[in-house]
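K.L.:
next one to model:
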Amino acid sequence: MRHEKLRYGLLSGVLLLIALVVFMLAGLANGLSNGNRQAIDNWQATDVYLAQNANETLSASQVKLADQSLIKGDQTAPLATLSGTLRTAKNAHKTTVSALATTRNSFIMPKIVSGHRINGQNQLLISESLTTDGYKLGQTVRLGTTTKTVKIVGTYASSTYMISPTVYTDIATLNRLKAMPVTSGKQQTVNGFVTKNGQFKTSDHGSLQRLTMATFINKLPGYSAEQLTLNTMIYFLFAIALAIIGIFMFVLTLQKQALFGVLKVQGIGTNHILAALLTQSIAMALIGIVIGLGITVGLAQIMPAGLPFAINWGQFGLYGLALLAAAVVGALLSWRTVANIDPAVAIG
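P.N.:
So this is what the prediction gives:
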């Protein structure tokens with residue numbers, strides 16, 4: 001490696017580019033995953049109850065508040081949703097948001113950072129990220145296509161659901177905004193129920209279906225396909241790294257048959273030669289992985305806020321080890337070639 005800097009440097013550069021693409025794709029996959037499920041993770045819930053005919057999808061589920069009587073658990077919260085546009089009274093600002101509604105004292109209501117909790121009708125809590133878009137406490141806004149207005153009374157730590165920033169209100173207010181026929185009492189419509197360690201009280205489930213939180217998240221529209229696509233690309237990159245190193249080491253072995261033949265005549269065994277090849281592969285892989293990781297972290301600091309990108313150090317470490325393992329396996333592919341070198345033939 002010391003005498004052939006260009007050759008080994010080029011391969012290290014190729015591995016650097018592969019590592020950079022792997023880490024960037026992993027960061028994007030994490031960012032998209034967090035953007036879809038951040039609000040759900042903040043609930044710290046374990047189960048979701050939806051209508052049986054909703055195909056395990058929250059937005060397609062329609063149940064009554066009265067159905068909560070079928071469920072028991074440490075804590076249970078009704079949940080209603082609306083995807084729409086948050087806009088100021090004069091339409092000076094428009095932002096796509098995910099509106100979530102529950103009871104005022106529900107465990108899934110976010111903790112207030114500024115302002116106060118919902119304590120009356122037509123009140124709204126907004127994610128802190130929306131304050132950078134021009135929304136503020138005390139402001140009157142509209143949600144969706146309705147002409148009805150609500151007042152922003154509090155903010156909470158930035159949160160997203162289905163990539164969009166979230167806003168929270170109570171169920172009655174959201175049903176009024178959706179122009180539902182019933183906007184009070186137990187016959188109000190909601191999309192489902194969220195619980196901690198919940199279960200059905202009896203064998204009569206009514207029209208409800210219980211989902212674990214993992215299943216519920218995987219059923220979010222586009223979530224599984226999105227993650228599968230990005231992860232498949234990452235796995236192909238591991239295979240490409242293995243193939244590149246394997247081909248490079250195989251060609252290098254063929255070019256150095258005479259040298260390896262001389263080494264064998266001098267009593268240096270196959271294992272020692274193979275160990276040297278492994279050391280070279282590991283060194284090149286480490287150079288590429290470390291620099292690629294450094295560039296990824298640097299780029300993450302200057303990426304626009306709207307780009308979903310998140311660094312998961314545990315995952316990045318695992319992917320770094322996978323690339324290192326691919327380098328080792330690629331080098332081992334030359335073992336048979338090294339073992340079969342006949343010194344007399346190689347020297348000529």
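K.L.:
lowest-confidence helix or strand of the chain?
P.N.:
helix 343-347 (a mean of 60; mean pLDDT, DSSP states H and E).
K.L.:
quick one, phi/psi of N119?
P.N.:
phi -130, psi 10 (degrees, to the nearest 10).
K.L.:
swap in the one 3 residues further on?
P.N.:
When read as degrees, to the nearest 10, the backbone of N122 gives phi 60, psi 40.
K.L.:
does it touch A172 like I think?
P.N.:
No - using Cβ atoms under 8 Å, N122 is not in contact with A172, being 9.2 Å away. C-betas here are computed from N, CA, C, even on glycine.
K.L.:
so which of those two has more stuff around it?
P.N.:
A172 (20 against 17; other Cβ atoms under 10 Å).
K.L.:
got the buried residues for the lengthiest strand in the chain?
P.N.:
Determined from DSSP state E, the single longest strand within the chain is strand 75-88. In terms of neighbour count (16 or more other Cβ atoms under 10 Å), strand 75-88 has its buried residues at 75-82, 84, 86-88.
K.L.:
adjacent strands (with direction) for that strand?
P.N.:
strand 94-102 (antiparallel), strand 140-143 (antiparallel), strand 192-196 (antiparallel) (DSSP bridges).
K.L.:
helices along the stretch 101-250 of the chain, start to end?
P.N.:
Using DSSP state H, counting those that start in this stretch, the helices found in the stretch 101-250 of the chain span residues 171-177, 213-218, 223-255.
K.L.:
tell me the most buried of those?
P.N.:
helix 171-177 (a mean of 22; mean count of other Cβ atoms under 10 Å).
K.L.:
export that one as CSV, just CAs?
P.N.:
Extracted as CSV, the C-alpha positions of helix 171-177 are listed here (Å, rounded to 0.1, in the frame of the first residue of the first chain):
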residue,chain,number,x,y,z
ILE,A,171,-62.6,16.0,20.0
ALA,A,172,-65.7,18.3,20.1
THR,A,173,-63.7,21.1,18.4
LEU,A,174,-62.4,18.9,15.7
ASN,A,175,-65.8,17.4,14.9
ARG,A,176,-67.2,21.0,14.6
LEU,A,177,-64.4,21.8,12.1
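K.L.:
pull the residues that contact it.
P.N.:
65, 78, 80, 82, 99, 101-103, 121-124, 143-144, 146, 148, 150, 169, 182-184, 188-190 (Cβ atoms under 8 Å, 6 or more residues apart in numbering).
K.L.:
which SSE is immediately downstream of whatever helix or strand A285 lives in?
P.N.:
Element membership for A285, per DSSP states H and E: helix 270-302. Next helix or strand after helix 270-302 toward the C-terminus (DSSP H and E): helix 313-332.
K.L.:
list the helices and strands that following helix packs on?
P.N.:
helix 5-43, helix 223-255, helix 270-302 (3 or more Cβ pairs under 8 Å, 6 or more residues apart in numbering; DSSP states H and E).
K.L.:
show me which positions of it end up buried.
P.N.:
315-316, 319-320, 322-324, 326-327, 330-332.
K.L.:
that helix versus helix 223-255: what angle between them?
P.N.:
30 degrees (axes from the mean of the first three to the mean of the last three Cα atoms, to 10 degrees).
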